[in-house]
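Chemist: sequence plus predicted model, see below.
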Amino acid sequence: MTNTTAAQRVSVIGLGAMGTALAKALLAGGHEVTVWNRTPARAEALVADGAKVAASSAEAMAAADLVILCVLDDAAVREHIEPAAARLRGRTVVNLTTTTPEQARSLGVWAETEGIELVDGGIMAVPEMIGGPGAFVLYSGAAVAFERYRSVLELFGRAEFVGNDPGAAAMYDVSILGGMYAMFAAFAQGGAMVRTTGGSAAQLAALMAPFLQAMATLLAAQAPGIDTPAEFVQVQSDEFTAAAIDLIDTAAVESGNPTELYGVLRRALTGL
Ligand SMILES: NC(=O)c1ccc[n+]([C@@H]2O[C@H](COP(=O)([O-])OP(=O)(O)OC[C@H]3O[C@@H](n4cnc5c(N)ncnc54)[C@H](OP(=O)(O)O)[C@@H]3O)[C@@H](O)[C@H]2O)c1
């Protein structure tokens with residue numbers, strides 16, 4: 001087994017905003033980092049930080065035991081990884097490119113066939129947060145490979161392994177982002193509504209943020225309703241929740257604002 005306390009040979013393929021942040025974190029962590037980017041200037045910019053620049057993605061993949069991909073999408077991953085299959089055999093690939101769960105699963109099947117250990121990842125941070133206390137990254141797939149390189153991956157932020165299914169990290173990723181977008185949509189709608197009273201979205205933000213933080217602590221108590229519904233005793237009835245959402249819907253109508261959001265929430269939360 002590789003000794004992860006020692007400097008590792010790591011390659012980073014893709015040096016956009018995120019890939020550059022990942023490569024810098026690895027260099028700051030003392031690892032031997034080889035980089036490649038389709039537009040070479042972005043790779044050259046990392047030489048001063050100690051990175052070696054590969055002439056091709058295939059060369060970068062051959063230069064390391066741990067290969068990290070962070071390109072635009074699944075198509076770009078496939079474009080570079082498939083022709084390099086023979087060079088990657090026996091190595092670990094961590095794909096931090098955002099993909100759908102099904103794309104991650106399909107890549108996992110391909111990797112297994114080729115004798116490559118695939119760990120798929122979902123980055124829950126913006127590039128500026130990489131290596132900082134608020135960043136975390138979801139991982140799934142080859143558990144043994146993840147554990148082998150855990151200390152390297154922890155340079156990016158907290159490392160959370162969420163399952164052996166290679167699609168799991170992407171599924172948790174999109175689910176968390178779904179929660180974020182639902183919150184932003186409700187804030188946008190609420191901001192427009194309070195402005196009809198002479199209020200402001202800024203004041204709403206100040207009042208809404210601590211309330212939502214308190215509500216977020218209740219998510220864990222809701223989980224059994226989804227995980228083990230047969231045993232779950234619901235505190236608030238669907239009728240109560242539907243009536244509460246109808247009241248918000250009426251306030252939207254009265255203030256001349258759209259109501260689609262509340263219809264969707266009502267159906268999703270109560271099925272009524
Ligand atoms: N930025 C974030 O906040 C964030 C957060 C979580 C996850 N992510 C994910 O991280 C990945 C990279 O994001 P980013 O922010 O670094 O994006 P970005 O700044 O737009 O960079 C995209 C990268 O993909 C490369 N690329 C695109 N098509 C390619 C191809 N066909 N072959 C080789 N390279 C190709 C680009 O190369 P060129 O330089 O040559 O164009 C560039 O290095 C995405 O999947 C994104 O969803 C980003």
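Modeler: That came through, no problem.
Chemist: got the buried residues for the helix or strand encompassing Ala23?
Modeler: In the assignment (DSSP states H and E), Ala23 maps to helix 17-28. For helix 17-28, the neighbour count (16 or more other Cβ atoms under 10 Å) marks 18-27 as buried. Every C-beta, even on glycine, is put in place using the N, C-alpha and C of the backbone.
Chemist: do the same with stretch 106-124
Modeler: 106-108, 111, 114, 116-124.
Chemist: okay, how far is it across that stretch, tip to tip?
Modeler: Length of stretch 106-124, first residue to last, Cα to Cα, to the nearest Å: 22 Å.
Chemist: can you tell me which residues in this protein are near the ligand?
Modeler: Applying Cβ under 6 Å from any ligand atom, we find that the chain lies next to the ligand at 14-19, 37-39, 42, 70-72, 76, 79, 97-98, 123, 126-127.
Chemist: report the buried members of those.
Modeler: Among the residues of the chain next to the ligand, the ones that count as buried by 16+ other Cβ under 10 Å are 14-15, 18-19, 37-38, 42, 70-71, 76, 97-98, 123.
Chemist: mind checking which of the residues you listed are in helices?
Modeler: When those are checked against helices (DSSP state H), the matches are 18-19, 42, 76.
Chemist: quick one: residues contacting whatever residue of the chain ends up closest to the ligand.
Modeler: As assessed by Cβ to the nearest ligand atom, the ligand sits closest to Gly16 within the chain, at 1.8 Å. When contacts are counted by Cβ atoms under 8 Å, 6 or more residues apart in numbering, Gly16 touches 37, 42, 70-72.
Chemist: what does Gly14 give?
Modeler: Contacts of Gly14 (Cβ under 8 Å, 6+ apart): 36-38, 69-72, 76, 97.
Chemist: likewise for Ala244?
Modeler: Counting by Cβ under 8 Å, 6+ apart, Ala244 has no contacts.
Chemist: host element of it?
Modeler: helix 238-254.
Chemist: and that helix, which residues are buried?
Modeler: Buried residues in helix 238-254 (16+ other Cβ under 10 Å): 241-242, 245, 248-249, 252.
Chemist: okay, the angle between the longest strand belonging to the chain and helix 17-28?
Modeler: Ranked by residue count under DSSP state E, the longest strand found in the chain is strand 117-124. Taking axes from the mean of the first three to the mean of the last three Cα atoms, to 10 degrees, one finds strand 117-124 and helix 17-28 inclined to each other by 110 degrees.
Chemist: apart from its chain neighbours, what residue comes closest to Ala85?
Modeler: Using Cβ to Cβ, 6 or more residues apart in numbering and skipping the chain neighbours, the partner closest in space to Ala85 is Glu114 (4.5 Å).
Chemist: tell me the spacing between that neighbour and Ala86.
Modeler: To Ala86, Glu114 is 8 Å away according to Cβ to Cβ, to the nearest Å.
Chemist: and for Glu254?
Modeler: 66 Å.
Chemist: which of the buried ones among the residues of the chain next to the ligand sits closest to Leu272?
Modeler: Thr98 (34.5 Å; Cβ to Cβ).
Chemist: how about the contacts made by that closest one?
Modeler: By Cβ under 8 Å, 6+ apart, the neighbours of Thr98 are 73, 122-123, 170, 173.
Chemist: what does Arg195 give?
Modeler: Arg195 neighbours (Cβ under 8 Å, 6+ apart): Ala201.
Chemist: ok, Ser11 next?
Modeler: Ser11 touches 33-36, 54, 60-61, 63-64, 66-68, counting by Cβ under 8 Å, 6+ apart.
Chemist: just for the stretch 1-150 of the chain, where's the confidence low?
Modeler: 1-5 (pLDDT under 70).
Chemist: all strands of the stretch 151-272 of the chain, in order?
Modeler: Under the criterion DSSP state E, counting those that start in this stretch, strands of the stretch 151-272 of the chain are mapped to 158-161.
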